Every structure is written in structure tokens, then in C-alpha cells.
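K.L.:
How does the following fold in three dimensions:
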Amino acid sequence: MRRTMVLLVVFSLLSVWGVAQQTSEKPPEGPQPSADFVQKIIDFGPVAKGEKLNAVFEVRNLGQAPLEITQVRPTCGCTVANFDKTIPPGGTGKINAEVDTTAFLGPISKAIIVFTNDPQMRNATVVVKADVKAFIEALPRSLLRFNVLQGEPATDKVTLVASDGSTFKVLGVDAPEGPYQVKFRELAQEERMANYSGSQWEVVVTVPGDAKEGMLNHKLTVKTDSPKAPEVPLTVSGLVRPIIQVAPAEIAFGSVPNDAPVGRNIVLINNRQGFELKIEKVEVGEPFTTEVVPLQAGQRFQVAVTLPAGTAKGRTLKTTLKITTNDPTRKVIEVPVQATVQ
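P.N.:
Residues are numbered from 1 along each chain as shown. Next up, the predicted model:
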């Protein structure tokens, strides 16, 4: 009896599931939209590196109800400027996509997924294709790397050649950011790189000695008269290191008690090769005291700053630690010092 009841329940559930499946698969009633893409693949063929490709995909509504484009999702390297969200029956809409080829070289294929309310085509994929060519190449590479010691200028250079052997001229170099000094010239016959015909130009980039400490990460644009490559992008990457590195750059005690001495340390690192750094004098305002500890002769020093016990409470102390060295470029190093005594 119990087995019979179980079988009846199972058969009932299967019947309900079957009806539900039929119901879910039942086509929608009434007028419906119908999406038809005039062209799902737009192939630009060979294009110059750095060129921005504008692709326009047309979508026709062959149905009897408005076609809604609910979402357009581009893949990496492609952006969708705009698209028609509603297309009336018998109408045609557009999806405008853009691909910036600056970061690409060789054949590329960028997909865009289009979501609609067409019951027969909930989503569709359109593709932008191209063969990105550097008609003017920067050799040995378009990336210039620097590891610069502050106060000492550094130079790197590239040679521009035409991959198709054509002639061209460099008109100028835009360097809107960064401290760079840029020069360019056409190479004489005896200076040219072998195995390359056509024009050859040298572009020299210099980081001057007065460049500020910090990271280098900038874009340069070489302007040419070549119709195939009017702009040639270059990237500058690297670091300008201080001659004497101070870490940390300030001494912050924070809130400290007055019943015991409290200390903080900074480290001086000599980045100049072949030079023996010496600390000649260290000064700091009262009530702070200092001590210099050599960590590596001529290269690394620790300067300890101490706030002695018994300092009056309720005071915020601000002063400057002054370190005199034998380095002619950084004779005096100043480090802010601050402490609040509870």
C-alpha cells in the first residue's frame, strides 16, 4: 500500500513537471520584435597602430513590436559610444563602437555582446576585426626605461624606421607630461640600421638632472608626415632616485606619555656609487636629543631621535631635524619632527 502511494506521488510530480515544461516552452503570444543584424562582423583590414576604429553596426527590426536593446557589453579594448535603445517595427537602429589600437599589434578581434527583447535572439555577438600594423616602428622597442639618480641626467633613444621602406619626416615630439628633453634627427647613411630601407630617424629622450624624485610613467607622441602613421606612440617608464634617500620622510611621535623616554628612527641611504657619505653634524630643537648609528660605512646611517622623560604634559612639540653631510648636492637634509605629550 505504502509503495503504491509513493509511486502515485512520483507520477503526479512528473506530470506537473511535464506540464510546466510545456508551458515554459510555449511561444509568446501577440506581436513580437525580430532582430536582424545587417553585418555581424566589421573587418577594417590593415590599420596603423594608434588609429581609433569607429564601427557602426546596424540592427533592423523585422518584427511587429518595438525591439528593445537592453544592454551592450563590449570586451576588453573596445568601448561602445552609444546605441539606439528602441527600434520600431520596420525600423533600423545603430550601435556605435570604438576600438583604440594603441595597445595592439597584429590581428585583433573584439567582440560585443548585444542583449535584446527578441524572444528568438535574446543576445547576439558582433565583432570588430583589424590587422594592426606599425607602419613606422620604434627600435629596439617603443618603451624607454630609466633608473636615474637625482642630479645626474640620463638619456635613452630609439630609431624610427618604416616597415614598408617608405620615406617620412619627423615633424615634432609631444611630451605634455614629465620633465623630458627631446631631440630628433634623420640618420646619415653611415649611421643607418642594416636591413631597413627608407627613412630612419633617431629620437633622443633625456631626463634632466633637476627632475623631481619619483616614478616616471608617461606617454610621448612622435608626429610624422606619413599618412599611414601620423603619430608614433612612445612610453617612458622608470624611477628618479634621490642621491640620499631618507626613510621615513618625517618623524611623527604621535601622542606619547612623559614618564619614560620615547624614540623614533630614520635611515639615510647613499645611492651615489663610488661616493663615501659622511654625516658631519646633527641638530634638533629641544627637548629632543639625537644619536647617529653607522649601519654600513659610507652608505647607510640610522639617526635616532629621543624625547626624554619628564617633558611637560599637554604640549605639541614641532621642530626640524637638520643633518649636515659631505655631499655637495645635499649639504643639509631637513626632516620635520612632531610629538604630542600627554
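
K.L.:
quick one: stretch 128-139 to chain centroid distance?
P.N.:
Distance of stretch 128-139 from the chain centroid (Cα atoms, centre = their mean, to the nearest Å) equals 21 Å.

K.L.:
So for it, what gets flagged as buried?
P.N.:
Buried residues in stretch 128-139, counted by 16 or more other Cβ atoms under 10 Å: 128-130, 132-138. The way it works is simple: take the backbone N, C-alpha and C, and place the C-beta from them, glycine included.

K.L.:
would you list these in JSON lines and tack on secondary structure, distance to residue 279 and pLDDT?
P.N.:
Putting the buried residues of stretch 128-139 into JSON lines (DSSP: H, G, I helix; E, B strand; the rest coil; distance: Cβ to Cβ, whole Å; pLDDT from 0 to 100) gives the following:
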{"residue": "128", "secondary structure": "strand", "distance to residue 279": "62", "pLDDT": "95"}
{"residue": "129", "secondary structure": "strand", "distance to residue 279": "64", "pLDDT": "95"}
{"residue": "130", "secondary structure": "strand", "distance to residue 279": "60", "pLDDT": "95"}
{"residue": "132", "secondary structure": "strand", "distance to residue 279": "55", "pLDDT": "89"}
{"residue": "133", "secondary structure": "strand", "distance to residue 279": "57", "pLDDT": "83"}
{"residue": "134", "secondary structure": "coil", "distance to residue 279": "52", "pLDDT": "82"}
{"residue": "135", "secondary structure": "coil", "distance to residue 279": "56", "pLDDT": "87"}
{"residue": "136", "secondary structure": "strand", "distance to residue 279": "52", "pLDDT": "92"}
{"residue": "137", "secondary structure": "strand", "distance to residue 279": "50", "pLDDT": "90"}
{"residue": "138", "secondary structure": "strand", "distance to residue 279": "45", "pLDDT": "93"}
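
K.L.:
the strands in the stretch 51-200 of the chain, which residues?
P.N.:
All strands of the stretch 51-200 of the chain, identified by DSSP state E, counting those that start in this stretch, fall at 52-61, 67-74, 78-83, 86-87, 92-100, 106-118, 121-133, 136-139, 143-149, 154-162, 170-174, 181-186, 200-207.

K.L.:
Same question for the stretch 201-342 of the chain.
P.N.:
For the stretch 201-342 of the chain, applying DSSP E, counting those that start in this stretch gives strands covering 214-224, 231-241, 244-247, 251-256, 262-270, 279-283, 289-296, 300-307, 315-325, 332-341.
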